[in-house]
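> sequence first, then the predicted structure, then my questions.
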Amino acid sequence: VDILNFAVGRHISIPSGFFREVVRQTRRLQCNQLMSMNIIMVLLVASVQAADYTNEDSAYWNKIGTKQLEETLQRFHSNNYAKNIIIFIGDGMGISTITSARIYKGQKRGVGEGEKLSFETFPTVGLSKTYSVNTQVTDSAASGTALFTGVKTNNKMIGLNAKAEYNVCKTSDKDLKVDSIMKWAQLAGKDTGIVTKTRITHATPAACYAHINNRNWECDSVIPPQYRDCVKDIARQLVEDEPGNKFKVILGGGGNQMGLKGLSGTIDDGCIRTDSKNLVQRWKNSKNNSVVVTTNKELMDININNTDYLMGIFSADHMYFAGEKWLKSQDQPSLVNMTIQAVNILNKNPNGFVLMIEGGLIDIGHHQNFAKLALEDTLEFEEAVSAAINLTDKENTLIIVTADHSHTLTINGYPLRGNDILGFASSENVTYETLTYANGPGYKSHTTNNAHWRNLTNSSVDINDTYYRHFSPVYLSYETHGGEDVAVYAQGPSSHIFSGVYEENYIAHAISYAASIGLHAKLREDYNASECDTIRLDLFVLLVLDLDNDVVFMT
């Protein structure tokens, strides 16, 4: 207070962290102390300058997440404790994908645009800012790290803060590791698990357990020889290291990466082990009451009561799309069935659980401009959310549905109500598709001799074909992600703290508070102890801060 009184009308130098500390200490005061104080409203006017991204390490992002959580808790107050956490990640499920899937579902059911997806009924909706430390548009490695550890990092990095170097392993990287919500949950006595339709070593599920300088180092064969003694591949980390080796449920694809032979499946962009390690067998041998399944029938036939650990590897690489109906003979489970059995296993722990479920093939479909396949997997993802809702109690289970990033999918033009969402929009001069991408392989399907756009309206091309590629004006062999904010839907205990617009890493901080695990396990008690009915605000200070020089002027 003396500093503030002295500063009025003067230019003085005050450490830039001073006012943050004032606010932090003020928030810790008891209600009766706050009632007797004048609260200062500060207006910061900063000079425009180039941002410095070089110091965005763990401490930086933990401070950002903590600050956002504290600000949110000032708006809302809840005594509800989340015994269970289920976080659904629709990989690449941007808002345009959600809108398109909603319309697609409605048209299939004869309802149309007025349809709702199951998670759109959740009481809380927020927006998550997905940029990474080094790019405006994130990849799944950086976004997964933000979502599950509370720390943003650089693209292509998993479970390490931005001080680590991409594609280079150093022994000092052990100091740059960031723990995930899975580790926090295990320390609190909860069970944990991951479910995905991609490889279980793919970027999003790997962010739940791995620490690695290159997301592609999923098996031994792709790690540069000079780093193989420095870091384990992602598959080995899952089986050998915490928190992965304590997961009670692991379901997805990735037989090649795990050294499990004899599985069919699409060979995407994954690696194949060359060290002869069968990590699936090693995992089973290390667990009591463990079960390994490779088909849907085996998955649904397990004895829940006699199974403490469940691993399901259903494909050599990624699993099949939901829209590839004719491949049902391969007996791969749906995301719905995997969700059901995962919840059944984890529900046995009286202390609760944390479960990550990924609709990973939404992303894979978009990358190929396969809009129909992406939407079919979005609807299967929605059904999995419904299954989780039906299997749990919303009084003790917090369900979060979000995406790690968006895609370049756009809903175009002014198509009439009821117009096929996968079809053509109406135009007086030219006919174009309602759903198009900004870039991707679809360019070649819509050009003549790779030069001129061709109108497919009256052609023999079947736009309802499963593998029909929607138009993109720029050719790329692999469509890119989109950088806009993604939606966050929440239901259950403390779900209201997911309201607002916030950094993506905030989600892990909010989970920590809601479930009383990890960084903010004790924060709920602090806020409960200082509950206030009213606080009188006397606004009397205008502060102008020059961020370049840490100089303030007050009037």
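Perfect, thanks for sending it.

> which residues are in contact with residue 383?
Going by C-beta atoms under 8 Å, 6 or more residues apart in numbering, residue 383 touches 118, 334-336. (Each C-beta comes from the backbone N, C-alpha and C, glycine too.)

> wait, which of those is closest to residue 183?
Among those, residue 335 lies closest to residue 183 (C-beta to C-beta), at 24.9 Å.

> so residue 102 is in contact with residue 117, correct?
Yes. Applying C-beta atoms under 8 Å as the test, residue 102 and residue 117 come out as touching, 5.4 Å apart.

> CA atoms of stretch 486-493 as CSV?
Taking Å, rounded to 0.1, in the frame of the first residue of the first chain, the C-alpha atoms of stretch 486-493 are listed here in CSV:
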residue,chain,number,x,y,z
VAL,A,486,-12.1,-25.8,-30.4
ALA,A,487,-15.2,-26.5,-28.3
VAL,A,488,-15.2,-28.0,-24.9
TYR,A,489,-18.3,-29.6,-23.4
ALA,A,490,-18.5,-30.7,-19.8
GLN,A,491,-21.0,-32.5,-17.5
GLY,A,492,-20.7,-33.5,-13.9
PRO,A,493,-19.0,-32.3,-10.8
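
> starting at the chain centroid, how far to stretch 336-350?
20 Å (C-alpha atoms, centre = their mean, to the nearest Å).

> what average pLDDT does it get?
Across stretch 336-350, pLDDT averages out at 99.

> list of residues touching that stretch?
So stretch 336-350 is in contact with 84, 86, 189-193, 195, 248-249, 251-252, 296, 299-300, 302, 304, 307-308, 310, 312, 353, 355, 357, 380, 383-384, 387-388, 391-392, going by C-beta under 8 Å, 6+ apart.

> these in helices, which ones?
296, 299-300, 380, 383-384, 387-388, 391 (DSSP state H).

> filter the contacts of residue 383 down to just the buried residues.
By neighbour count, with 16 or more other C-beta atoms under 10 Å, these hold 118, 334-336 as buried.

> excluding chain neighbours, what is closest to residue 357?
residue 195 (4.5 Å; C-beta to C-beta, 6 or more residues apart in numbering).

> ok, residue 107 to residue 418 distance?
Per C-beta to C-beta, to the nearest Å, residue 107 is found 8 Å from residue 418.

> no wait, residue 176
Residue 176 is 54 Å from residue 418, by C-beta to C-beta.

> host element of residue 292?
strand 290-293 (DSSP states H and E).

> of residue 107 and residue 418, who's got more company?
The neighbour count for residue 107 versus residue 418, taken as other C-beta atoms under 10 Å, is higher for residue 107 (17 against 11).

> residues contacting the closest residue to residue 193 other than its chain neighbours?
Among residues not flanking residue 193 along the chain, residue 249 sits closest, at 3.0 Å (C-beta to C-beta, 6+ apart). By C-beta under 8 Å, 6+ apart, residue 249 lies in contact with 191-195, 309-311, 341-342, 345-346, 355.

> out of those, the closest to residue 374 would be?
Looking across those and measuring by C-beta to C-beta, the closest to residue 374 is residue 195, at 18.9 Å.

> return the residues in contact with the closest one.
249, 251-252, 335, 338-339, 342, 355-358.

> can you put those residues in CSV and add distance to residue 273?
Converted to CSV, the contacts of residue 195 look like this (distance: C-beta to C-beta, whole Å):
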residue, distance to residue 273
249, 23
251, 20
252, 16
335, 26
338, 24
339, 28
342, 25
355, 27
356, 24
357, 26
358, 22
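
> so which of these is the closest to residue 467?
residue 335 (20.6 Å).

> that closest one touches residue 379, doesn't it?
No. If you go by C-beta under 8 Å, residue 335 and residue 379 don't touch, sitting 10.3 Å apart.

> any residues in contact with both of the two?
Joint contacts of residue 335 and residue 379 (C-beta under 8 Å, 6+ apart) are residue 322.

> buried residues, stretch 259-275. List them.
Those would be 259-260, 263, 265-266, 268, 270-273, for stretch 259-275 by 16+ other C-beta under 10 Å.

> among these, which lie within strands?
Judged by DSSP state E, strands contain none of the buried residues of stretch 259-275.

> who does the residue lying closest to residue 413 once chain neighbours are set aside form a beta bridge with?
Distances taken as C-beta to C-beta, 6+ apart place residue 425 nearest to residue 413, at 3.4 Å, with adjacent residues excluded. Assessed by DSSP bridges, residue 425 has beta-bridge partners residue 432.

> do I have it right that residue 425 meets residue 432?
Yes. If you go by C-beta under 8 Å, residue 425 and residue 432 touch, sitting 5.8 Å apart.

> same drill for these two, tell me which one is more crowded.
Neighbour totals were compared for residue 425 and residue 432, and residue 425 leads with 20 against 17 (other C-beta under 10 Å).

> and the gap between the more buried one and residue 407?
19 Å.

> likewise residue 157?
From residue 157 to residue 407 the distance is 21 Å (C-beta to C-beta).

> quick one: mean pLDDT for stretch 143-159?
99.

> extract the C-alpha trace of that stretch and format it as PDB.
Provided in PDB are the C-alpha atoms of stretch 143-159 (Å, rounded to 0.1, in the frame of the first residue of the first chain):
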ATOM      1  CA  SER A 143      -1.900 -30.500 -28.100                       C
ATOM      2  CA  GLY A 144      -2.000 -33.800 -26.300                       C
ATOM      3  CA  THR A 145       0.800 -32.700 -24.000                       C
ATOM      4  CA  ALA A 146      -1.100 -29.500 -23.300                       C
ATOM      5  CA  LEU A 147      -4.400 -31.300 -22.600                       C
ATOM      6  CA  PHE A 148      -3.000 -34.000 -20.300                       C
ATOM      7  CA  THR A 149      -0.100 -32.300 -18.500                       C
ATOM      8  CA  GLY A 150      -1.100 -28.700 -18.300                       C
ATOM      9  CA  VAL A 151       2.000 -27.500 -20.100                       C
ATOM     10  CA  LYS A 152       2.200 -26.400 -23.700                       C
ATOM     11  CA  THR A 153       5.200 -27.400 -25.800                       C
ATOM     12  CA  ASN A 154       6.500 -27.400 -29.300                       C
ATOM     13  CA  ASN A 155       5.000 -29.400 -32.100                       C
ATOM     14  CA  LYS A 156       6.100 -33.000 -32.500                       C
ATOM     15  CA  MET A 157       7.100 -33.200 -28.800                       C
ATOM     16  CA  ILE A 158       5.400 -35.400 -26.200                       C
ATOM     17  CA  GLY A 159       5.600 -35.100 -22.400                       C
END
